[in-house]
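Asks: Below: sequence and its predicted model.
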Amino acid sequence: MTLRQFEYLVTVVDEGSFTRAAELLHVTQPALSHQIRALERAVGTPLLDRLPRAVRLTPAGRAWLPFARAALADADRALTAARRAGGLECGELHVATVYSLTLGALPPVLSAWRARHPDVRIRLFEHRHADELREAMAEGQADVAIGPSPAGWPGFVRRLGVEEFVLVLPPDSPHEGPVDLRAFADQGWVHYAPDNGLADVVDEACRQRGFQPWAAVRTEQTATVPVLAAAGLGPALVPRNVLPERFDGVVLRPDPPVRRELVAYCHKDPDPLTSAFIGLLVGAGWDA
């Protein structure tokens, strides 16, 4: 088995077509098919079902795919690390995170990093849910992930601080903080779409106060939630770091507070460039 064969089959899966994969890889379709058949012989079982108008992974292929993606990502990181060490290029740092941090806490860190390391490119991968982030890291997507603490993570983990959540209300709200979420148990909430990980945070915070929030409005976009809440469509629980410096709505701290721990994590001990980035994260004042 070769990494090239891994790349060929992953590309066929991603494109859903031998023809499109061959075009993307700049090889002939017979050569592509030959390499994939060779891979299947080495594995000892078919990895693809070849349908008249599509291709589909077999059960063996579905089991194989995450490991193939991880192997390709590891190979890419190995090449980048070797080039960094050899002075052949300044490098590219792959960073995975969740949307709420991309909107608020992460931009100042990326700005500071850019000022210190102007020749290091950043490739950012954003995820809606902490579980999705963890799964992507397990497949080797990035050098480092920044997000909620991943349960049972077997590799390197460094605590950064906490993400604080605040309650957003319209400007004419009579409420003053800190405020108990139970005061809004009978109201329709501005809520996150179910595939947004912040929906779980809101549901759990309300569950701990003895009620299930009723969603008057659900939205896919994290940044839209405080805007709708300030417009009077219902209360919303949002990460403080996503709010702009000038914001028209009333912002109150819940009592008890709603927080989640944030960490940086990797597969193994980070290389020097990744360590430098994590060091900048640690010094960014996440608990402030």
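Replies: The structure has been received and is ready for your questions.
Asks: Restrict stretch 135-146 to CA atoms and write it as PDB.
Replies: Extracted in PDB, the C-alpha atoms of stretch 135-146 (Å, rounded to 0.1, in the frame of the first residue of the first chain):
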ATOM      1  CA  GLU A 135     -13.800  13.800  15.300                       C
ATOM      2  CA  ALA A 136     -11.900  16.000  12.800                       C
ATOM      3  CA  MET A 137      -8.800  16.100  15.000                       C
ATOM      4  CA  ALA A 138      -9.000  12.300  15.500                       C
ATOM      5  CA  GLU A 139      -8.700  12.100  11.700                       C
ATOM      6  CA  GLY A 140      -5.700  14.400  11.700                       C
ATOM      7  CA  GLN A 141      -7.200  17.500  10.300                       C
ATOM      8  CA  ALA A 142      -5.000  20.100  12.100                       C
ATOM      9  CA  ASP A 143      -1.900  20.700  14.100                       C
ATOM     10  CA  VAL A 144      -3.900  22.000  17.000                       C
ATOM     11  CA  ALA A 145      -7.600  22.300  18.000                       C
ATOM     12  CA  ILE A 146      -9.000  25.100  20.200                       C
END
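Asks: For it, the averaged confidence score.
Replies: Stretch 135-146 shows a mean pLDDT of 90.
Asks: ok, the strand ranked longest in the chain: who's next to it in the sheet?
Replies: When the chain is parsed with DSSP state E, its longest strand is strand 156-169. Partner strands for strand 156-169, per DSSP bridges, with pairing direction: strand 236-239 (antiparallel), strand 250-252 (antiparallel), strand 258-266 (antiparallel).
Asks: For it, which residues meet the burial criterion?
Replies: Neighbour-count burial for strand 156-169, with 16 or more other Cβ atoms under 10 Å as criterion, is recorded at Phe156, Arg158, Leu160, Gly161, Glu163, Glu164, Phe165, Val166, Leu167, Val168, Leu169. Glycine gets a C-beta too; all of them are placed from N, C-alpha and C.
Asks: Rounded mean pLDDT for that strand, please.
Replies: 94.
Asks: Format the buried residues of strand 156-169 as a markdown table; extra columns: distance to Tyr99.
Replies: Converted to a markdown table, these look like this (distance: Cβ to Cβ, whole Å):
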| residue | distance to Tyr99 |
| --- | --- |
| Phe156 | 23 |
| Arg158 | 21 |
| Leu160 | 17 |
| Gly161 | 18 |
| Glu163 | 12 |
| Glu164 | 17 |
| Phe165 | 14 |
| Val166 | 17 |
| Leu167 | 20 |
| Val168 | 17 |
| Leu169 | 23 |
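Asks: how close does Val98 get to Arg134?
Replies: Going from Val98 to Arg134 by Cβ to Cβ, to the nearest Å gives 10 Å.
Asks: The two: which is more packed in?
Replies: Val98 (26 against 21; other Cβ atoms under 10 Å).
Asks: so what's the nearest residue to the more buried one once chain neighbours are set aside bridging to?
Replies: Leaving aside its chain neighbours, Val98 sits nearest to Gly147 (4.7 Å; criterion: Cβ to Cβ, 6 or more residues apart in numbering). With DSSP bridges as the criterion, Gly147 is bridged to Val263.
Asks: Now do the contacts for Gly147.
Replies: Shown in contact with Gly147 (Cβ atoms under 8 Å, 6 or more residues apart in numbering): Ala96, Thr97, Val98, Leu101, His127, Ala130, Leu133, Leu262, Val263.
Asks: Just the ones of the residues you listed in helices?
Replies: Leu101, Ala130, Leu133 (DSSP state H).
Asks: before we move on, back to that, with mean pLDDT and mean neighbour count added, can I get the strands paired with strand 156-169 in a markdown table?
Replies: Shown next, in a markdown table, are the strands paired with strand 156-169 (pLDDT from 0 to 100; neighbours: other Cβ atoms under 10 Å):
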| stretch | mean pLDDT | mean neighbour count |
| --- | --- | --- |
| strand 236-239 | 95 | 26 |
| strand 250-252 | 94 | 18 |
| strand 258-266 | 94 | 20 |
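Asks: coming back round to it: any idea which of the ones in helices among the contacts of Gly147 is closest to Gly249?
Replies: Leu101 (21.0 Å; Cβ to Cβ).
Asks: Surely the closest one and Leu262 touch.
Replies: Yes. Using Cβ atoms under 8 Å, Leu101 is in contact with Leu262, at 7.5 Å.
Asks: what residues are shared contacts of these two?
Replies: Both Leu101 and Leu262 are in contact with Ile146, Gly147, Glu163, where contact means Cβ under 8 Å, 6+ apart.
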